[in-house]
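Chemist: the sequence and its predicted three-dimensional model are supplied below.
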Amino acid sequence: MSNIHPSAVIDPAAELDSSVTVGPYTVIGPHVKVDAGTTIGPHCVIEGHTTIGRDNRIFQFTSLGAINQDKKYAGEPCELIIGDRNTIREFSTYHIGTVQGGGVTRLGNDNWMMAYTHLAHDCLVGNHTIFANNAQIAGHVVVGDWVILGAYTCVHQFVRIGAHGMTGMGTVLLADQPPFVMSEGHPAAARSMNFEGLRRRGFSAARIAAVKAMHKALYRDNLTLEQAKERMTELPQRFEGCEADVQLMQVFLDGLSAQRGIVR
């Protein structure tokens, strides 16, 4: 194929769509599948049971599908699954899952992953996220849709980050971050809600007002978590169109673990 550089080393068992482009000196293993329109730069290594969707752009020096950094791993055929239309920049490292964590590390669709980002084993990343340079997430982390991680953000294993959240540069996140929350610091503290991001995504004034009310209940009025959740049940009667946003928050809070708690 003319769009495969002659110096690339591609195992004959790998499944690449005829439209896939592969740069010089890239190595692709036997269990790799790549769908149409994806571009893979030079000096990449893609190995393991790795499936890559359509129209991704993978830059040079990226490592995808290597075995995880879990000492319990014993060679099981775990996976890395990457969706469609993602941009993955230089020196990013995404590992396969573990049997203890479900066996899959997953990156969704339309994500913008800058240089040196890391997805450890069993991480689940949603859609439309932005990971700035050197954002690193440890094993079993769950990242919701539209999340933005600032440069040099580090996320502890098993932490969940709710949809529409954001972290500042250099944030160390040791607890779950609820939807819409902006955090910053070492360790992270909740600073506000991501109001500007919500405006850019077309949230109405009423929906943003409901998010402000949720922030007030969680962080400003000295309520217990159960009291804050109870107050949130009243918000759909006060703010038009906020039902899904309140449900998103309540489902997240209902799933809290005793070990992690929420960022304060």
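Modeler: In hand now; what should we look at? This is a predicted model, so every value here is computed, not measured. Residues are numbered from 1 along each chain as shown.
Chemist: what's the burial count for residue 222?
Modeler: Residue 222: 7 surrounding residues under other Cβ atoms under 10 Å. Every residue, glycine included, has its C-beta placed from N, CA and C.
Chemist: ignore the last one, residue 167
Modeler: Residue 167: 29 neighbours (other Cβ under 10 Å).
Chemist: any idea how far residue 13 is from it?
Modeler: Going from residue 167 to residue 13 by Cβ to Cβ, to the nearest Å gives 40 Å.
Chemist: what do you get for residue 160?
Modeler: 37 Å.
Chemist: then residue 91?
Modeler: For residue 91, the distance to residue 13 - Cβ to Cβ - is 27 Å.
Chemist: between those two, who's got more neighbours?
Modeler: Ranked by neighbour count (other Cβ under 10 Å), residue 91 and residue 13 place residue 91 first, with 16 against 10.
Chemist: and the more buried one, what is it in contact with?
Modeler: 61, 62, 115, 116 (Cβ atoms under 8 Å, 6 or more residues apart in numbering).
Chemist: I figured the first one hits residue 27, correct?
Modeler: Spelled out, it's residue 61. No: the criterion here is Cβ atoms under 8 Å, and residue 61 misses it with residue 27 at 11.9 Å.
Chemist: possible to save the contacts of residue 91 as CSV with distance to residue 249 and pLDDT?
Modeler: Formatted as CSV, these follow (distance: Cβ to Cβ, whole Å; pLDDT from 0 to 100):
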residue, distance to residue 249, pLDDT
61, 39, 98
62, 35, 98
115, 33, 98
116, 32, 98
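Chemist: ok so, going back, common neighbours of residue 61 and residue 27, please.
Modeler: residue 44.
Chemist: where do the helices sit along the stretch 51-200 of the chain?
Modeler: 195-200 (DSSP state H, counting those that start in this stretch).
Chemist: show me where pLDDT drops low in it?
Modeler: Of all residues in the stretch 51-200 of the chain, none has pLDDT under 70.
Chemist: so which of the contacts of residue 91 is the most crowded?
Modeler: residue 62 (23 neighbours).
Chemist: show the backbone phi and psi for that residue.
Modeler: phi -90, psi 140 (degrees, to the nearest 10).
Chemist: also residue 211?
Modeler: phi -60, psi -40.
Chemist: residue contacts, residue 227?
Modeler: residue 217.
Chemist: you'd agree it is in a strand?
Modeler: No: checked against DSSP: H, G, I helix; E, B strand; the rest coil, residue 227 lies outside a strand; its state is helix.
Chemist: confidence score at it?
Modeler: Looking at residue 227, its pLDDT stands at 97.
Chemist: relative to residue 218, how far out is it?
Modeler: 10 Å.
Chemist: now do residue 75
Modeler: 44 Å.
Chemist: cool, residue 73 as well?
Modeler: Using Cβ to Cβ, residue 73 is found at 38 Å from residue 218.
Chemist: between the two, who's got more neighbours?
Modeler: It is residue 218, of residue 73 and residue 218, that has more neighbours when counted by other Cβ under 10 Å, with 23 against 17.
Chemist: am I right that that one is in a helix?
Modeler: Yes: under three-state DSSP, residue 218 falls within a helix.
Chemist: ok, it - contacts?
Modeler: 178, 190, 225, 228, 262.
Chemist: in JSON lines, list these along with distance to residue 102.
Modeler: Putting these into JSON lines (distance: Cβ to Cβ, whole Å) gives the following:
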{"residue": "178", "distance to residue 102": "23"}
{"residue": "190", "distance to residue 102": "29"}
{"residue": "225", "distance to residue 102": "27"}
{"residue": "228", "distance to residue 102": "31"}
{"residue": "262", "distance to residue 102": "23"}
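Chemist: compare those residues and tell me which is most surrounded.
Modeler: Busiest of the contacts of residue 218 [other Cβ under 10 Å] is residue 178, holding 28 neighbours.
Chemist: surely it and residue 165 touch.
Modeler: Yes: the criterion here is Cβ under 8 Å, and residue 178 meets it with residue 165 at 7.4 Å.
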